[in-house]
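**Student:** need a structure here:
(4 chains)
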There are 2 protein chains.
Amino acid sequence: MADAPGFELPLLLFAGFRTLIDDLHAELARQGHPDVRPAFGFAMQAIGGRGATASELGKRLGVSKQAAGKTVDRLEQLGYAERADDPDDARRKLVRLTPRGIDSLARSAAIFETLRANWVKELGADRVRALEADLRTMTGGGFRLDVAGWFAG
Amino acid sequence: MADAPGFELPLLLFAGFRTLIDDLHAELARQGHPDVRPAFGFAMQAIGGRGATASELGKRLGVSKQAAGKTVDRLEQLGYAERADDPDDARRKLVRLTPRGIDSLARSAAIFETLRANWVKELGADRVRALEADLRTMTGGGFRLDVAGWFAG
DNA sequence: TAAAGTCGTCAACATGGTTGTCGAATTCCA
DNA sequence: TGGAATTCGACAACCATGTTGACGACTTTA
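**Tutor:** Below you'll find the model as predicted:
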């Protein structure tokens, strides 16, 4: 059997990514978080449990502080994050996840475990481990969390 | 060694996709196509050698005909596509790739072969074939060509 | 031939990215 | 210690891309 054409490799990788993210959000919606968009999950992950300022968030996501601020606006509006004044530095405003935001992150982590377990059941643990190892080799393991802007430019 | 946490799997898949697409566009830029954005490559692929109407393009990309029309505007503006009246149906306008558009597609195909060959050199042909086969298993092989809108919603 | 459907476009809007600017607050250093 | 440099968050203007809704022009169909 001939090798697959080269252009299939990126499409397959994206299809895998997309399948996992779509499954995650379908299950999140079922568990009470129908408003979480993929972009929000990435942003909340970047905010983390200890909170972050808009500038820090921008650096972590690879976007400008202004763009990060807009994302925070959106998260605040949906009840997943809130802003609080920093008592030590009056310029800063600390963005923190609300209990609802933390809940969605915890559920996401659990769902990702389930989804990976599905892959293991389907492909076998060795193949999944090999797939992860190979991708780590080819990508250097540096995770960039910005997605939307990168594609459209 | 413990298994990787579940959330790494999608990040690794996306990192692999992104690495390939970034490498493609770096090389495309070197070969005289610095203006091609990832989204344009997908759109041109969807237009194909025989051309398409804006409505068809929208269906293939999974977006509205209006959004497809805007993408065509952009491709036209950059010299990668052109619109022509359909002699058989005065409502329709056929979008066709210009020679420059066709050139960028041909170069993309060649570059993807080179990139896959790099993966084979690094990982071995068996591992790359296994990776492709596993991803085909988990995704059903249905390629969706819309990317940008899906993520941000 | 009249009604229904399709095609492309325009308009209005949402989202999310960019750069530039700015006042306020903090840090640095001579 | 006090002025200069830096940093933070916000505002504005702009671009790119998506959405719906509407509409005129043109088929297709009943």
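**Student:** all helices of chain A, in order?
**Tutor:** A:8-30, A:38-47, A:54-61, A:65-77, A:99-123, A:125-139, A:148-152 (DSSP state H).
**Student:** which of the ones you listed sits most buried?
**Tutor:** Greatest average neighbour count among the helices of chain A goes to helix A:38-47 (a mean of 21), per mean count of other CB atoms under 10 Å in any protein chain shown. C-beta here means a position set from N, CA and C on the backbone, and glycine is covered the same way.
**Student:** how close does the closest residue to A:W150 other than its chain neighbours sit to DNA strand D?
**Tutor:** Leaving aside its sequence neighbours, A:W150 sits nearest to B:R18 (CB to CB, 6 or more residues apart in numbering or on different chains; 7.1 Å). In this view, B:R18 and DNA strand D are 17 Å apart by CB to the nearest atom of the strand, to the nearest Å.
**Student:** got JSON lines for the helices of chain A, with distance to B:T98 and mean pLDDT too?
**Tutor:** Below are the helices of chain A laid out as JSON lines (distance: least, CB to CB, whole Å; pLDDT from 0 to 100):
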{"stretch": "helix A:8-30", "distance to B:T98": "24", "mean pLDDT": "92"}
{"stretch": "helix A:38-47", "distance to B:T98": "34", "mean pLDDT": "89"}
{"stretch": "helix A:54-61", "distance to B:T98": "36", "mean pLDDT": "93"}
{"stretch": "helix A:65-77", "distance to B:T98": "34", "mean pLDDT": "94"}
{"stretch": "helix A:99-123", "distance to B:T98": "42", "mean pLDDT": "96"}
{"stretch": "helix A:125-139", "distance to B:T98": "34", "mean pLDDT": "96"}
{"stretch": "helix A:148-152", "distance to B:T98": "22", "mean pLDDT": "71"}
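**Student:** got those as CSV, with distance to B:R37 columns?
**Tutor:** Below are those laid out as CSV (distance: least, CB to CB, whole Å):
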stretch, distance to B:R37
helix A:8-30, 15
helix A:38-47, 19
helix A:54-61, 20
helix A:65-77, 18
helix A:99-123, 30
helix A:125-139, 21
helix A:148-152, 7
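**Student:** what's the closest of these to B:L13?
**Tutor:** helix A:8-30 (4.1 Å; CB to CB).
**Student:** how near is the nearest residue to A:G58 once chain neighbours are set aside to chain B?
**Tutor:** Nearest non-adjacent residue to A:G58, counting by CB to CB, 6+ apart: A:A68, 3.7 Å away. Counting by CB to the nearest CB, to the nearest Å, the separation of A:A68 from chain B is 14 Å.
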